[in-house]
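**Student:** structure of the sequence below:
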Amino acid sequence: MRNHNDEKSALEEAAISIFINIYNFNRQDDLKVVEKQECPDYILKNIKGGFIGVEVTHLFYDSEEAKMLLGRSDKEFHALESSTHYIKTLNELLKQKEKKIDKYDVVYPVALLVRNASPVYGMSDFLKYKNEIYKPEKYSHIWFVSKDGNNNEWLLKDLLTD
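**Tutor:** Numbers count the residues shown, from 1 in each chain. Model (predicted):
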């Protein structure tokens, strides 16, 4: 079994890699990781030399789904899932992360990167409820990375913009 910190670090590394690839492709930028740290998780530098901190988190429907997806559960099936419950879970996560940003001692903007881990709910499911998603404005961006339906490609949306 993997050490919790190793697993967390691997998940964060995968999420930041997915994000950087999509971001750079869509914006003809060249974001690069400058430093991996604790608060925020990553410091990135853009093509113009500007810095941005990125706090990385993962969204699971609940702790049982997380255990199943991370190989820590013997269950083969998860209970029925409700999209409204999943939006509520996302909002709770965003409020929790909003409290964390006040502890950062940084001079550059900080963004939140949320990677949707659900094999059931994709980007279009979240966009249907976009107006119900909490928007912590202390972050410069709330980047949401998710797959969608049978499309196996990752998609990126800033939840703070329309």
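
**Student:** just to check, residue 35 is in contact with residue 41?
**Tutor:** No. Using Cβ atoms under 8 Å, residue 35 is not in contact with residue 41, being 9.8 Å away. Where you see a C-beta, it was placed from the backbone N, CA and C, and this is true even at glycine.

**Student:** who's more crowded, these two?
**Tutor:** residue 41 (22 against 12; other Cβ atoms under 10 Å).

**Student:** worst mean pLDDT across the helices and strands of this structure, which element?
**Tutor:** Every helix and strand of the chain was ranked by mean pLDDT, DSSP states H and E. The lowest is helix 63-69, at a mean of 53.

**Student:** packing partners of the helix or strand just after that one?
**Tutor:** Using DSSP states H and E, the helix or strand that follows helix 63-69 in sequence is helix 83-101. Here helix 83-101 touches strand 51-59, strand 110-116, helix 123-128, going by 3 or more Cβ pairs under 8 Å, 6 or more residues apart in numbering; DSSP states H and E.
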